[in-house]
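Colleague: Whatever this is, show me its structure:
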Amino acid sequence: MASHDEHNLDDSASVSPLTACLRFVRGRQLANREMEAREIGPAEGVPALGLDGLSSTAYGPEAALTILSAAGAAGLASLGPVMLTILALLGVLFISYWQTIQAYPKSGGAYTVSQANLGVNASLLAAAALMIDYVLNVAVGISAGVAALVSAVPALHVYTLPLCLGILVVLTLVNLRGTIDAGRLFAVPTYLFVACFVAVLAIGSYAAIASGGHPQPVILPPPSPAPVEALGLWLLLRAFASGCTAMTGVEAVSNAVNAFREPQVRNARLTLSIVVAVLAILLAGIAYLAMSYGVMAMDQTKPGYQSVLSQLVGAVAGRGVFYYVAIASALMILCLSANTSFVGFPQLCRIVAQDGFLPRPFATVGRRLVYSVGILYLTLTAGFLLIAFDGITNRLIPLFAIGAFTTFTISQTGMVAHWRNVLRGKRGRGQRQRVQVKLFLNGVGAVATITALAVIVIAKFNEGGWITIVAIPCVIVLLKGIHRYYGNVDAALRDDDQLQFRPSKPPFVLVMTRQWDRLTDKARFRWRWNCRPMSLRCIWRRWKVRTSANRSENYVSSGRGASRIPRSRHRRPIRHGSFF
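Modeller: Coordinates of the predicted model:
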């Protein structure tokens with residue numbers, strides 16, 4: 001038989017240039033046996049799953065500074081305590097998800113954890129919140145990337161929305177080719193971004209320390225606005241709520257553990273460690289330099305807008321070649337941060353669809369062994385948000401963190417229930433102490449995330465957070481409606497009558513199916529097969545077959561083959577194995 005590649009060569013000679021171009025963009029069709037080769041390691045995992053977290057360093061501190069700017073210089077001086085609180089919460093989340101990956105090595109996301117420990121309703125709440133968070137991540141990441149571009153090229157300000165939609169289309173095409181392709185393609189801008197801004201932080205921190213905390217900027221940042229509000233607890237809580245958007249990508253690795261190659265737990269943990277370590281360094285460094293150089297957030301809707309990162313690079317290194325390389329890397333990583341959603345969202349939809357709460361095509365892989373339906377649905381919903389909010393980051397931020405911290409809270413609460421169940425089965429003192437430590441850590445995580453969620457909801461409700469709060473129950477109702485529909489379809493198709501065979505001449509072939517219903521009955525057929533069957537595989541646990549002698553026979557399956565076959569119906573022994 002000719003190989004797959006030979007067929008592709010034969011077909012390529014007769015296709016049109018447009019078809020050939022489409023094939024090049026989409027990539028060749030992959031066989032199921034190539035699935036294992038498409039798994040990723042830490043080198044691809046950091047760009048594929050860590051971009052959301054790493055890119056949040058661009059808009060997380062800026063979101064906090066946007067709130068603190070109302071207090072003028074006093075607000076800028078308060079950025080340090082706010083960021084330290086956020087970093088402490090980040091550390092708690094890291095330890096918690098480190099444990100979650102080990103406890104649920106195939107998929108440790110909030111949906112799986114809550115379904116196993118808290119019940120169906122909690123898992124649907126987690127799924128709805130996480131889906132909304134993934135969509136918002138795409139919209140916020142792309143809009144923040146375009147904001148960085150507009151900072152470097154102000155003439156492009158009027159093209160903000162078209163640029164956002166164009167980048168969304170490119171990301172969709174890349175991810176339709178497969179996760180490993182996206183990880184390798186996005187590796188260069190990811191590591192370039194990290195290298196550039198670690199260099200900026202190192203140079204700026206040295207200058208700040210050497211000058212006693214008052215470095216001389218190469219390019220002076222715009223002056224801080226006049227205070228319009230007194231610095232108080234409410235302002236600090238709102239700044240904390242906005243800055244928490246810097247942690248929205250922490251859960252992505254635990255959601256896609258099954259995307260890693262073996263050993264999956266080790267590779268996933270290594271990826272999570274790298275992402276969180278780099279994120280913590282960048283957040284702490286940006287906050288320190290912003291206070292040292294007097295960098296404050298600006299209004300993105302007004303001409304002359306400069307992002308916080310743009311001001312920092314200009315203040316530390318000026319506006320030479322390095323500035324444009326650093327800002328270009330920030331632009332790419334912000335736009336490509338949406339790739340985390342393009343990996344995690346289809347995986348989540350696959351699991352939810354397998355449980356019957358989403359249409360079944362969401363659980364079917366496409367020609368490149370990715371869940372294409374989930375990718376396309378994510379593109380449409382994110383595009384709708386970008387159009388609705390004109391691609392402006394500050395308008396999308398209030399909607400963002402609520403979904404993420406809802407999933408954090410559910411995941412941590414589910415892990416508390418998990419360790420309590422494990423603790424009941426432990427008898428040795430040493431084993432119980434180890435489990436109790438894990439229970440305590442996840443308990444701390446649950447308390448911290450639910451406290452942060454309460455602050456975020458209160459602070460962001462009037463700024464647009466109510467949209468997310470209303471959308472989550474609507475998604476849950478939709479998921480339950482889909483599940484009810486599939487339940488009604490299955491009930492209508494169910495056929496509880498005994499399976500009956502009409503008399504047939506030898507050889508007699510018994511074909512087992514997943515279940516017997518009206519669809520199976522409609523598709524019933526007779527085979528005339530001259531060669532003897534190579535094997536027989538049962539799918540049901542028990543069959544009651546009515547033979548031609550009107551005698552009922554039981555067939556029991558262990559998943560490998562029929563455990564008892566009536567000798568009167570088969571003259572030759574049947575070997576167990578694959579069906580064909």
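
Colleague: now this structure, which segments are flagged as low pLDDT?
Modeller: The chain contains residues with pLDDT under 70 at 1-39, 107-108, 178-185, 366-369, 495-580.

Colleague: so where do the helices sit in the stretch 351-500 of the chain?
Modeller: For the stretch 351-500 of the chain, the helices defined by DSSP state H, counting those that start in this stretch occupy 372-388, 393-424, 429-460, 466-493.

Colleague: Residue 130: which of the ones you listed is closest?
Modeller: Between residue 130 and these, the tightest spacing by CB to CB is seen for helix 393-424, at 4.7 Å. Every residue, glycine included, has its C-beta placed from N, CA and C.

Colleague: Now do residue 383: how many residues are near it, please.
Modeller: Close neighbours of residue 383, defined as other CB atoms under 10 Å, add up to 19.

Colleague: That one touches residue 167, doesn't it?
Modeller: No - judged on CB atoms under 8 Å, residue 383 makes no contact with residue 167 at a distance of 10.8 Å.

Colleague: Give me the most central residue, this structure.
Modeller: Nearest residue to the geometric centre of the chain (CA atoms, centre = their mean): residue 344, 2.4 Å.

Colleague: who does the host helix or strand of it touch, helix- and strand-wise?
Modeller: Here residue 344 sits within helix 339-354, counting by DSSP states H and E. Here helix 339-354 touches helix 42-68, helix 110-117, helix 120-152, helix 160-176, helix 179-210, helix 252-255, helix 372-388, going by 3 or more CB pairs under 8 Å, 6 or more residues apart in numbering; DSSP states H and E.

Colleague: excluding its backbone neighbours, what's nearest residue 128?
Modeller: Of all residues beyond its chain neighbours, the one nearest residue 128 is residue 475 (3.8 Å), with distances taken as CB to CB, 6 or more residues apart in numbering.

Colleague: what's the one you found in contact with, if anything?
Modeller: Residues near residue 475 by CB atoms under 8 Å, 6 or more residues apart in numbering: 127, 128, 131, 132.

Colleague: Please apply the same query to residue 382.
Modeller: 135, 138, 139, 142, 168, 338, 341.

Colleague: how about 7 Å then?
Modeller: When contacts are counted by CB atoms under 7 Å, 6 or more residues apart in numbering, residue 382 is found next to 135, 138, 139, 168.

Colleague: Kindly report the same for residue 454.
Modeller: Contact analysis of residue 454 by CB under 7 Å, 6+ apart lists nothing.

Colleague: what number of residues lie near the residue nearest to residue 62 when sequence neighbours are not counted?
Modeller: Ranked by CB to CB, 6+ apart and with sequence neighbours excluded, the top spatial neighbour of residue 62 is residue 308, at 4.3 Å. If you count neighbours by other CB under 10 Å, residue 308 ends up with 26.

Colleague: for residue 308, phi and psi?
Modeller: Per-residue torsions, residue 308: phi -60, psi -40 (degrees, to the nearest 10).

Colleague: Kindly report the same for the one 10 residues further on.
Modeller: Dihedral pair for residue 318: phi 80, psi -170, per degrees, to the nearest 10.

Colleague: what does residue 298 give?
Modeller: Taking degrees, to the nearest 10 as the convention, residue 298 sits at phi -120, psi 170.

Colleague: Touching, it and residue 310? I think so.
Modeller: No - the criterion here is CB atoms under 7 Å, and residue 298 misses it with residue 310 at 9.5 Å.

Colleague: neighbour-wise, which of those two wins?
Modeller: Between residue 298 and residue 310, counting by other CB under 10 Å, residue 310 is the more crowded of the two (25 against 22).

Colleague: Which helix or which strand is home to that one?
Modeller: helix 308-317.

Colleague: on contacts alone, who are the packing partners of the very next helix or strand once past that helix?
Modeller: Downstream of helix 308-317, the first helix or strand assigned by DSSP H and E is helix 321-336. When contacts are defined as 3 or more CB pairs under 7 Å, 6 or more residues apart in numbering; DSSP states H and E, helix 321-336 packs onto helix 42-68, helix 120-152, helix 179-210, helix 308-317.

Colleague: For helix 321-336, list every residue counted as buried.
Modeller: The neighbour-count check on helix 321-336 (16 or more other CB atoms under 10 Å) flags 322-323, 326-336 as buried.

Colleague: Just give me the closest of those to residue 79.
Modeller: Checking these against residue 79 by CB to CB gives residue 330 as the nearest, at 19.4 Å.

Colleague: and residue 218, what element?
Modeller: Assigned by DSSP H and E, residue 218 falls within no helix or strand.

Colleague: Just to check, it is in contact with residue 317?
Modeller: Yes - the pair residue 218 and residue 317 qualifies as a contact (CB under 7 Å) at a distance of 6.4 Å.

Colleague: In terms of neighbours, single out the busier of these two.
Modeller: Neighbours per residue, other CB under 10 Å: of residue 218 and residue 317, the larger number sits with residue 317, 19 against 16.

Colleague: correct me, but the more buried one touches residue 327?
Modeller: No - taking contacts as CB under 7 Å, residue 317 lies outside contact range of residue 327: 10.9 Å.

Colleague: ok, the closest residue to residue 297 other than its chain neighbours to residue 276 distance?
Modeller: Nearest non-adjacent residue to residue 297, counting by CB to CB, 6+ apart: residue 65, 3.9 Å away. Using CB to CB, to the nearest Å, residue 65 is found at 22 Å from residue 276.

Colleague: Put the alpha carbons of stretch 49-69 into CSV.
Modeller: What follows is stretch 49-69, C-alpha atoms only, in CSV (Å, rounded to 0.1, in the frame of the first residue of the first chain):
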residue,chain,number,x,y,z
LEU,A,49,1.0,27.5,28.6
GLY,A,50,3.0,30.2,30.4
LEU,A,51,2.4,33.2,28.1
ASP,A,52,-0.8,34.2,29.9
GLY,A,53,1.1,34.5,33.2
LEU,A,54,4.2,36.1,31.8
SER,A,55,2.4,38.6,29.7
SER,A,56,0.3,39.7,32.6
THR,A,57,3.3,41.6,33.8
ALA,A,58,2.5,44.2,31.2
TYR,A,59,-1.1,44.9,32.2
GLY,A,60,-1.2,43.7,35.9
PRO,A,61,1.0,46.4,37.4
GLU,A,62,-0.4,49.0,35.0
ALA,A,63,-4.0,48.1,36.0
ALA,A,64,-3.0,48.6,39.7
LEU,A,65,-1.3,51.9,38.8
THR,A,66,-4.4,53.1,36.9
ILE,A,67,-6.4,52.9,40.2
LEU,A,68,-3.6,54.4,42.3
SER,A,69,-3.1,57.3,40.0
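
Colleague: Quick one: distance of it to the chain centre.
Modeller: Distance of stretch 49-69 from the chain centroid (CA atoms, centre = their mean, to the nearest Å) equals 18 Å.
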